[in-house]
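# just need the structure, nothing else, for what follows:
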Amino acid sequence: MTEPSCLAAVRHSYDTVARAYAERVPEPRALDPVSRAMLAAFADLVRTRGPVADLGCGPGKVTAHLAALGVPVFGVDVSPRMIELARSAHPDLRFEVGSMTALDLGDGELGGVLAYYATHHTPPGQLPAVFTEFHRVLSPGGRLLLAGHTGDGEHLRPTRAYGDHPVSYESYLLPPDRIAALLQDAGLVVTTRVVQEPEGTSTRRTGTFLAYRPER
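Sure thing, here's the model as predicted:
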């Protein structure tokens with residue numbers, strides 16, 4: 001698969017904000033109870049299924065959280081700087097530079113895929129290819145947990161982020177029903193969908209989806 005042009009903007013932006021991002025993004029144990037429960041449920045589902053890839057792992061905080069829950073997990077991120085920070089913070093875990101659009105993994109190699117706030121920079125027209133890639137690398141019965149911001153189709157073009165650092169990525173906030181439909185179209189069976197309305201300091205609705213690749 002040819003690398004989408006948007007990846008260059010994502011890579012450069014997250015290389016730029018990597019240190020500030022790592023300092024500002026909370027540890028998983030500080031997440032709200034529902035988000036923590038969904039991560040724990042995913043860990044229960046994949047713990048004995050084989051390797052699990054945390055795609056868009058950033059500085060590795062969620063990767064390490066899953067590892068502490070007994071999951072055989074490794075991290076992948078398009079930003080080399082993020083991978084440097086992840087390796088430094090968690091030297092006992094495996095982290096690789098790579099893109100979820102074209103994973104360096106064999107067909108059916110994974111027991112689980114985590115995409116945690118990692119797909120919203122992908123233009124909607126390219127999501128079918130990304131979700132098909134998730135399906136390809138999952139073994140039959142393998143599980144996916146996808147979480148992220150949702151909306152009514154907003155297309156955001158921020159220029160500064162994480163302490164006023166310059167960024168050039170774009171974000172696409174899709175309705176939960178559309179995300180679920182795209183996962184189904186890619187051959188994944190959605191079993192659980194949790195939509196959380198803004199609460200406290202949060203200003204955006206979020207959606208979390210559990211899905212699996214069918215046995216046949």
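
# any idea how far the longest strand along the chain is from the chain center?
Longest strand of the chain, by residue count under DSSP state E: strand 138-149. With CA atoms, centre = their mean, to the nearest Å as the basis, strand 138-149 stands 10 Å off its chain's centre.

# also stretch 94-105?
12 Å.

# repeat that for stretch 22-32.
Taking CA atoms, centre = their mean, one finds the center of stretch 22-32 at 15 Å from the center of the full chain.

# residues contacting that stretch, please?
The contact list for stretch 22-32 (CB atoms under 8 Å, 6 or more residues apart in numbering) reads 35-36, 39, 58-59, 61-62, 65, 82, 85, 89, 162-163, 196, 199. C-beta: built from backbone N, CA, C; applies to glycine.

# now do 10 Å
Contact with stretch 22-32 is made by 17, 35-40, 58-66, 68-69, 81-82, 85-86, 88-89, 116-117, 161-163, 196, 199-200, 202, 206, as judged by CB atoms under 10 Å, 6 or more residues apart in numbering.

# pLDDT below threshold where in the protein?
Residues of the chain that meet the criterion pLDDT under 70 lie in 1-4.

# the chain: strands as residue ranges?
52-55, 73-77, 95-97, 110-116, 138-149, 154-156, 160-161, 165-166, 171-173, 189-196, 206-212.
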